[in-house]
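Chemist: using only what follows, build the 3D model:
(chains A and B, ligands or ions: 2)
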Amino acid sequence: MTEHPEAITFRNVRVLAGQGQLLEIPHLDLTEQRISVIGPNGGGKSTLLQLVNGLVEPTEGRVSTEGLDTVEQGRQLRQCTGFVFSNPAAQLVMPTPLEDVELSLRRSVRDSAQRRRAALQTLAELGIADLAERSSQELSSGQQQLVALATVLTLRPRTLLLDEPTTLLDLANAARFTQLVRSMERKHRIRTITATHDLELAAAAERTLLVAGGKVVAEGEPQEVIAAYRRCSTG
Amino acid sequence: MRARRRPRPLPAREQVLGRRAPGNGFLHRSPAGLKVAMLALFTALVLVAREPVVSAGGVVLVLLTALAAQVPLRMLLALLRRLWLLLVVLAALQLLLNDPLTGAEVLSRILATLLAAQLLILTTAPAELVAVLRVLLAPLRVLGLEPGRVALAALVMLRSIPFLADQFRMAGRQAAARGLERNLKARTLPLLLGAVEHARDTGRALSARGIDQV
Ligand SMILES: Nc1ncnc2c1ncn2[C@@H]1O[C@H](COP(=O)(O)OP(=O)(O)O)[C@@H](O)[C@H]1O
Ligand SMILES: [Mg+2]
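Modeler: Ligands and ions are numbered 1, 2, ... in the order given. Sure thing, here's the model as predicted:
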């Protein structure tokens, strides 16, 4: 790795909703290129991911990504951070994939012809140029998720947050999605943080976090953390 | 260093039904039908009287009843936190259109009835409320409507409010993640799709369980 990405840091972080505590992270630095987050349903994975780009703001403490404070510079931060959610259909808002990718570019590329070219290029880069003019709501979930990825990658993010991106996909589509993310990660030096229940996918990271009961209960070498998860899930 | 902006608080998930006040005061123990009848009577009185003394007295009466029934006032008044915007708008309108005394009367009238209804919900199990609702809906049979089905529809509707609130928040985050905070379509379309999907799934799940009324 030639370029060492700046760290994502959590300091004395607590996230509360009303009286309840959703997540607590006293101290955590993330510097690796590829990170995975595993843990039971409701453990706090989505909350952790959304803290990284300021979609959820820490009730106490600070989170900073690439040197930007997620509360103060949230908008700026989100311009260089992509987020893919697990529900494919709910992420697409325009009638066709092409228009959806263009929508992402609306602020950064003023000229509409140029915008169209950039959008088409992103779709082609992901191997889904043939979907450009199809109706988004009629695509398969697998195709929709690739389009969702395109709407995010077209902005050339430095960090990509993937929240259970393959949970609702079949094996083939999940594999295709993962492979695409891999190649983009390498090609554009994107840092990825992936929350997933797919332990094979989780194992392919450089570092794994186990989030359960609103805490990071284990972290480090993927195989060890996954083993710990298996132990605590099967009692 | 300049003080940082305060983080936006995360609203806790709302629950419309099924939030029972702890304890077992006299309201918890009285039959649901009686409580509903009292609520109807009280509401009718307050609405018909339109007297500042009656309306303000109604609010005090509800609060005293809550105390006597060992219902934490915090839980009762939580309603105001949820409806504050509506109440502020109402108050502003009243001040514009009416004199302050009438405004105060209208507002306390609304408060008295809302708080009384909240007190009923806090001290009654949802299943008991549904049973009362079925009895009340019984006359609908003449119109060919099954009371149990209407009651089920009402229940499903109440249950879906917190779900929709979650969806709404999620749609907002999905839009914000793409820098589309101000894009109305990006903020609402996922909510609409989610709502339709949820309705369809709920319907299918209920019919798969063979449930078409309560
Ligand atoms: N606004 C909220 N109010 C109350 N509880 C919430 C709210 N948002 C999330 N939660 C709860 O916080 C916990 C962590 O949620 P989440 O981060 O989505 O977990 P995961 O992604 O690991 O399934 C869950 O138990 C969830 O129900
Ligand atoms: Mg989640």
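Chemist: what residues sit buried inside the helix or strand where B:A165 lies?
Modeler: Per DSSP states H and E, B:A165 falls inside helix B:147-177. Buried residues in helix B:147-177, defined by neighbour count with 16 or more other CB atoms under 10 Å in any protein chain shown: B:147-148, B:150-152, B:154-155, B:158, B:160, B:167-168, B:170-177. All C-beta spots, glycine's among them, are computed from the backbone N, C-alpha and C.
Chemist: filter these down to the ones close to chain A.
Modeler: B:170-171, B:173-174, B:176-177 (CB under 8 Å from any CB of the partner chain).
Chemist: is the residue in chain B that chain A sits nearest to in a helix, a strand, or coil?
Modeler: Across chain B, the shortest distance to chain A (CB to the nearest CB) belongs to B:A12, at 2.7 Å. Using DSSP: H, G, I helix; E, B strand; the rest coil, the structure places B:A12 in coil.
Chemist: give the contact list for it.
Modeler: A:17-20 (CB atoms under 8 Å, 6 or more residues apart in numbering or on different chains).
Chemist: just the residues you listed now: which is nearest A:A205?
Modeler: The nearest member of those to A:A205, counting by CB to CB, is A:A17 at 28.4 Å.
Chemist: tell me if I'm right that the closest one and B:D166 touch.
Modeler: No: counting by CB atoms under 8 Å, A:A17 stays clear of B:D166, with 11.3 Å between them.
Chemist: now do the shared contacts for these two.
Modeler: B:R13.
Chemist: give me the distance from stretch B:124-134 to the chain's centre.
Modeler: 15 Å (CA atoms, centre = their mean, to the nearest Å).
Chemist: which pair in the contacts of B:A12 has the greatest spatial separation?
Modeler: Among the contacts of B:A12, the pair separated by the greatest distance (CB to CB) is A:A17 and A:Q19, at 8.2 Å.
Chemist: these two: which is more packed in?
Modeler: Between A:A17 and A:Q19, A:A17 has the larger neighbour count (other CB atoms under 10 Å in any protein chain shown), namely 16 against 6.
Chemist: got the phi and psi for the residue in chain A that chain B sits nearest to?
Modeler: Residue nearest to chain B within chain A: A:G18 (2.7 Å; CB to the nearest CB). Main-chain dihedrals, A:G18, degrees, to the nearest 10: phi 60, psi -120.
Chemist: please confirm that A:E24 is located within a helix.
Modeler: No: counting by three-state DSSP, one finds A:E24 to be strand, located in no helix.
Chemist: measure A:T194 to ligand 1 for me?
Modeler: Look at A:T194 and ligand 1: by CB to the nearest ligand atom, to the nearest Å, they are 12 Å apart.
Chemist: which residue comes closest to A:E133 once chain neighbours are left out?
Modeler: Spatially, and ignoring its direct neighbours in sequence, A:E133 is nearest to A:T96 (5.4 Å; CB to CB, 6 or more residues apart in numbering or on different chains).
Chemist: these two touch, right, the one you found and A:R134?
Modeler: Yes: assessed by CB under 8 Å, A:T96 is found in contact with A:R134 at 6.4 Å.
Chemist: how about stretch B:54-69, which residues are buried there?
Modeler: Neighbour counts over stretch B:54-69 (16+ other CB under 10 Å) mark B:54-56, B:58-59, B:61-63, B:65-66, B:69 as buried.
Chemist: buried residues in stretch A:153-170?
Modeler: Buried-residue list, stretch A:153-170, by 16+ other CB under 10 Å: A:153-155, A:157-166, A:168-169.
Chemist: do stretch B:84-100 as well
Modeler: B:87, B:90, B:94.
Chemist: quick check, that stretch touching chain A?
Modeler: No: using CB under 8 Å from any CB, stretch B:84-100 stays clear of chain A, with a minimum separation of 15.2 Å.
Chemist: got a list of contacts for the helix or strand just after the helix holding B:A165?
Modeler: Using DSSP H and E, the helix or strand that follows helix B:147-177 in sequence is helix B:184-208. Helix B:184-208 has contacts (CB under 8 Å, 6+ apart) with A:87, A:89-91, A:93-94, A:103, B:152, B:156, B:160, B:163-164, B:167-168, B:170-172, B:174-175, B:178, B:180-181, B:212.
Chemist: residues touching residue 152, list them.
Modeler: Unless you meant another one, I'm taking chain A. Going by CB under 8 Å, 6+ apart, A:V152 touches A:82-84, A:104, A:160, B:177-178.
Chemist: think we crossed wires, I meant chain B
Modeler: B:L152 is in contact with B:206, B:211-214, counting by CB under 8 Å, 6+ apart.
Chemist: switch these over to CSV; also include secondary structure, neighbour count and distance to B:R5.
Modeler: Shown next, in CSV, are the contacts of B:L152 (DSSP: H, G, I helix; E, B strand; the rest coil; neighbours: other CB atoms under 10 Å in any protein chain shown; distance: CB to CB, whole Å):
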residue, secondary structure, neighbour count, distance to B:R5
B:L206, helix, 14, 45
B:I211, coil, 11, 48
B:D212, coil, 12, 51
B:Q213, coil, 13, 51
B:V214, coil, 19, 47
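Chemist: would you turn the residues you listed into a markdown table with pLDDT?
Modeler: Shown next, in a markdown table, are the contacts of B:L152 (pLDDT from 0 to 100):
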| residue | pLDDT |
| --- | --- |
| B:L206 | 82 |
| B:I211 | 77 |
| B:D212 | 78 |
| B:Q213 | 77 |
| B:V214 | 74 |
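Chemist: in helices only, show me the buried residues of stretch B:84-100.
Modeler: Members of those lying in helices (criterion: DSSP state H): B:87, B:90, B:94.
Chemist: for the residue nearest to A:E133, phi and psi?
Modeler: Dihedral angles for A:T96 - degrees, to the nearest 10 - are phi -130, psi 160.
Chemist: and what of A:P97?
Modeler: phi -50, psi -40.
Chemist: excluding chain neighbours, what is closest to it?
Modeler: In space, A:P97 is closest to A:V147, 4.3 Å off (CB to CB, 6+ apart).
Chemist: which helix or strand contains that neighbour?
Modeler: Per DSSP H and E: helix A:141-153 holds A:V147.
Chemist: that helix to helix B:147-177, inter-axis angle?
Modeler: For helix A:141-153 against helix B:147-177, the angle by axes from the mean of the first three to the mean of the last three CA atoms, to 10 degrees is 40 degrees.
Chemist: now do helix A:141-153, average pLDDT.
Modeler: The pLDDT scores in helix A:141-153 average 95.
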